[in-house]
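J.: 3D model of this:
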Amino acid sequence: IVDRFRTAVMDARLCDLYARYQDREDMLVDSLAELYTSIIGNNLGKLLEAINIEKIVVDKINAFDAAQLEGMIFGIMKRELKAIVYLGALLGFLMGFVNLLLLIGIAASCAVWLFALIALCCHVCPVTIVCFVLATLILIFYGLILWCEWAKSKKAKGGEKANPKADEESPATATDNRDQETDAIPAAAPVVGTSGENDIVSMDDADEEDEEGGVVVDAKGNYFNIRYSKSFLAKLIQSPDETKGYYGELKNEVLSYKKTKSRVSWSYDSVNAGRAPVVKFGIRGKTLCVYFALNADDYADSKYKVEKVESKKYEAVPCMYRIKNERRLGYAKDLIAAVAAQLGLTKGIVGTEDYYLPYESTEALIGKGLIKELKLAATTTQIERAKAEGTIKVVAHVEASEVNALISDEVAAAAIQVADTKSVHTGKKGIINVDTLSLHFADGDTVTIEKLKAMKLIPAKYGQVKLLARGRLDKKLYIELQDYSIDAVKMVLLTGGTVKRV
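T.: Numbering: from 1, shown residues only. The predicted structure follows:
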């Protein structure tokens, strides 16, 4: 079944179903979490975490999102998800049954050992000695099992205490790591070519040219300047058809040389021959820029009007050439041939792969993860200019990854209200994430532990709840819980809500 989905993804060229089904992943994971707590309890949760069932389901959803299929795939997926839930419930009951057998075995072993001890005290004989030894060994075996479980749970609790923000989305990891190639471009991003010569890989250095998105104001009257960090694919999608044509023709040209391989990263499309760089394709404004592994000084007085690039990320390909017309397109092919000759590459047949991607709006590309929306504190000049132009937008959402840049810990801590009467809390302490509240509560709702239990967002045995920061909050909420992480407080405050410790 997974192979069938994978084939569907490889055959698909468009991702226009993504926006329609992008919320299925979160809804499904929340449904599974509710199943853990309400039907089976912790056993099923641990078991499903062990076999990573959520990742399997999410992978299938991403595959479905990326495939442009209507009826058949949806029917298959629906049946599979139902089977997964039933299988999880069955495995959970089996786990409970095994635990019951373990308890019965321990009780029976204790009884046998006690009777053997009494018999040994009353009358020493080989039979009573053997029974006593066997019962003792069985009890030791069960004791080792229980000790291992206890040590494991103690270690887990110790890890939680050592890292209280483990379940939060750390700003250090959630923000764009622009110097590494470890954060993959979203799985639902459109695949540029499927010839086997191209790979979509991780993000690296973002382009210098972030675009202005205007000034916005949140529910508390704070002003922010929005900027858009566009990936190479996003720029290509929103570029003129002429630029797309230049890109496709030059990419087919360079991939005609043997041993060359393309990979698309956040900032550019790199073509290498083994480990040796050949060219990089980038887009500045609406112009296709090709970076060659050549010395720009060698072409200073030639017909090739190349530019020398000093940026470290283009250190291996410092010779840039802007493709503005058909004549420059032909010259770019000459430069590709020069690099190939320098590396000793043999040219084959020029392919006819179509790399054209249809235009999509900025909002659609943000949803697909191909454009990052950066929210920065707006300057007075920016605010005044936006007011004069009448272009200030109203936004009522905040990401966990951006709160530390918007509000200090001291301000957030001072904004936490304390209930007039101190409550006595009994029961276990649990956690819940901000994005879960955003999904299940409406704008202006008050969130209490009683409502969380009534909505089955937490187990009934919880007497205290800590709110953690994660994901996005897009509404004003009034939170009345027992504990908060400081980042969660910031998210609630920035969207106009309040936080009270009860």
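J.: any idea how the chain splits into domains?
T.: 2-162, 183-343, 398-501 (automatic domain parsing).
J.: my read is residue 373 is in a strand, agree?
T.: Yes - Residue 373 forms part of a strand when assessed by DSSP: H, G, I helix; E, B strand; the rest coil.
J.: Listing request: residues of the stretch 401-502 of the chain with sub-threshold pLDDT.
T.: In the predicted model, the stretch 401-502 of the chain carries pLDDT under 70 at residues 405-407, 422-423.
J.: Helices along that one, start to end?
T.: Using DSSP state H, counting those that start in this stretch, the helices of the stretch 401-502 of the chain run over 409-414, 434-440, 449-454, 486-494.
J.: Same check on the stretch 151-300 of the chain?
T.: So, for the stretch 151-300 of the chain - with DSSP H, counting those that start in this stretch - the helices run 171-174, 232-237, 241-254.
J.: circling back: please point out the stretch among the domains of the chain with the lowest average pLDDT.
T.: When the domains of the chain are ranked by mean pLDDT, domain 2-162 comes last with a mean of 60.
J.: burial count for residue 224?
T.: Neighbours of residue 224 under the rule other Cβ atoms under 10 Å: 25. The C-beta positions use only the backbone N, C-alpha and C, and glycine is treated the same way.
J.: for the helices of the stretch 151-300 of the chain, which one ends up most surrounded?
T.: Ranked by mean neighbour count, the helices of the stretch 151-300 of the chain are led by helix 232-237 with a mean of 24 (mean count of other Cβ atoms under 10 Å).
J.: Can you dump the C-alpha atoms of that helix in CSV for me?
T.: Extracted in CSV, the C-alpha atoms of helix 232-237 (Å, rounded to 0.1, in the frame of the first residue of the first chain):
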residue,chain,number,x,y,z
PHE,A,232,14.0,29.3,-5.0
LEU,A,233,10.9,27.3,-6.0
ALA,A,234,8.6,30.1,-4.9
LYS,A,235,10.5,32.6,-6.9
LEU,A,236,10.4,30.3,-9.9
ILE,A,237,6.7,29.8,-9.6
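J.: That one - contacts with which helices or strands?
T.: Applying 3 or more Cβ pairs under 8 Å, 6 or more residues apart in numbering; DSSP states H and E, we find helix 232-237 packed against helix 241-254, strand 276-284.
J.: who wins for proximity to residue 468 among the ones you listed?
T.: When the helices and strands packed on helix 232-237 are compared by Cβ to Cβ, strand 276-284 sits nearest residue 468, at 38.9 Å.
J.: List the buried residues in that closest one.
T.: By neighbour count with 16 or more other Cβ atoms under 10 Å, strand 276-284 contains the buried residues 277-283.
J.: can you tell me which of those residues lies nearest to residue 500?
T.: residue 283 (49.4 Å).
J.: Is that closest one bridged to anything, and to what?
T.: Going by DSSP bridges, residue 283 is paired in beta bridges with residue 288.
J.: Over to residue 372?
T.: With DSSP bridges as the rule, residue 372 is bridged to residue 229.
J.: Distance of it relative to residue 366?
T.: Residue 372 sits 8 Å away from residue 366, going by Cβ to Cβ, to the nearest Å.
J.: quick one, which of the two is more surrounded?
T.: residue 372 (19 against 16).
J.: can I assume that one is in contact with residue 229?
T.: Yes - if you go by Cβ atoms under 8 Å, residue 372 and residue 229 touch, sitting 4.2 Å apart.
J.: Can you report how many residues neighbour residue 333?
T.: Residue 333, neighbours per other Cβ under 10 Å, totals 15.
J.: Show me which positions of the helix or strand it falls within end up buried.
T.: Counting by DSSP states H and E, the element that carries residue 333 is helix 326-343. Neighbour counts over helix 326-343 (16+ other Cβ under 10 Å) mark 328-329, 331-332, 335-336, 338-340, 343 as buried.
J.: contacting residues for residue 478?
T.: Contacts for residue 478 (Cβ atoms under 8 Å, 6 or more residues apart in numbering) come out as 444-447, 497-498, 500.
J.: ugh, typo on my part, it should be residue 412
T.: 486, 489-490, 493.
J.: Look up the closest residue to residue 355, ignoring the ones flanking it.
T.: Nearest residue to residue 355, sequence neighbours excluded (Cβ to Cβ, 6 or more residues apart in numbering): residue 248, at 4.1 Å.
J.: Out of the helices of the stretch 401-502 of the chain, which is the most enclosed?
T.: When these are compared using mean count of other Cβ under 10 Å, helix 486-494 is most buried, at a mean of 26.
J.: and that one, what does it pack onto?
T.: strand 398-399, helix 409-414, helix 434-440, strand 462-468, strand 472-473, strand 498-501.
J.: how much does that helix deviate in direction from strand 462-468?
T.: If you take axes from the mean of the first three to the mean of the last three Cα atoms, to 10 degrees, helix 486-494 sits at 80 degrees to strand 462-468.
J.: Can we start the residue count at 42 from this point?
T.: Okay, using 42 as the starting number, the last item reads as helix 527-535.
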